[in-house]
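> Quick one, fold the following:
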Amino acid sequence: MARRGGASAPLIALLLAASLAATVVPLPDLLEPLRPNFVALTILWVCLLSARATGLLLAWMSGLMLDALHGLLLGQNALALVLIAYIALKMRLRIRAFPVLHQSMVVLGLLLLNEFVLFWIDGLSGHPVTAWTRWVPVLTGAATWPFLSAFLTRYAART
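Predicted coordinates:
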């Protein structure tokens, strides 16, 4: 049930589980580099919808789950997701006032920041991935934002 301050806890848990599943579902080799970061997009949507700072805890927990699912350095996705969630929470009212295409540009910037933090941590830990395909999910994530945001908003309003 959607309430005045944001989405309900069961809905958020369902969205988080679905975004984690969409992240690890195998895709053909041609489509794998195009997969957007569904967890980051879901975190951003929850932070823009929610009036409380629960998005930070959700970002931290989902980042740790994402690290465990991918077998990465524990905490790197958590740090990146908490950073973009904090910015989204601070600018929540401004971003929500933008038209959806302008929101996509803000989401593009936040996803670039997320990927840069992951790139930086990979470099510090000795696992540099310098292929240009690393940055493609940022573009596809920004391109899917209008559709994903509209779908999640309609779904949250119905439940």
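> Give the buried residues for the longest helix along the chain.
Longest helix in the chain, counting residues (DSSP state H): helix 100-124. Using 16 or more other CB atoms under 10 Å as the test for burial, helix 100-124 gives 103-104, 106-108, 110-112, 114-115, 117-119, 121-122. In short, each C-beta sits where N, CA and C put it, glycine included.
> now for it, which elements pack on it?
Contacting helix 100-124 under the criterion 3 or more CB pairs under 8 Å, 6 or more residues apart in numbering; DSSP states H and E are the following elements: helix 38-49, helix 76-90, helix 92-97, helix 136-158.
> outside of the third one, which residues touch it?
By CB atoms under 8 Å, 6 or more residues apart in numbering, the surrounding residues in contact with helix 92-97 are 47-48, 88, 103, 106.
> closest to Ala150 among those?
Using CB to CB, Gln103 comes nearest to Ala150 of these, at 10.8 Å.
> on that earlier part again, per-residue confidence averaged over the longest helix of the chain?
Averaging pLDDT along helix 100-124 yields 95.
> Report the angle between that helix and helix 76-90.
Calculated by axes from the mean of the first three to the mean of the last three CA atoms, to 10 degrees, helix 100-124 forms an angle of 150 degrees with helix 76-90.
> neighbours of Pro33, just the number please.
Using other CB atoms under 10 Å, Pro33 has 15 neighbouring residues.
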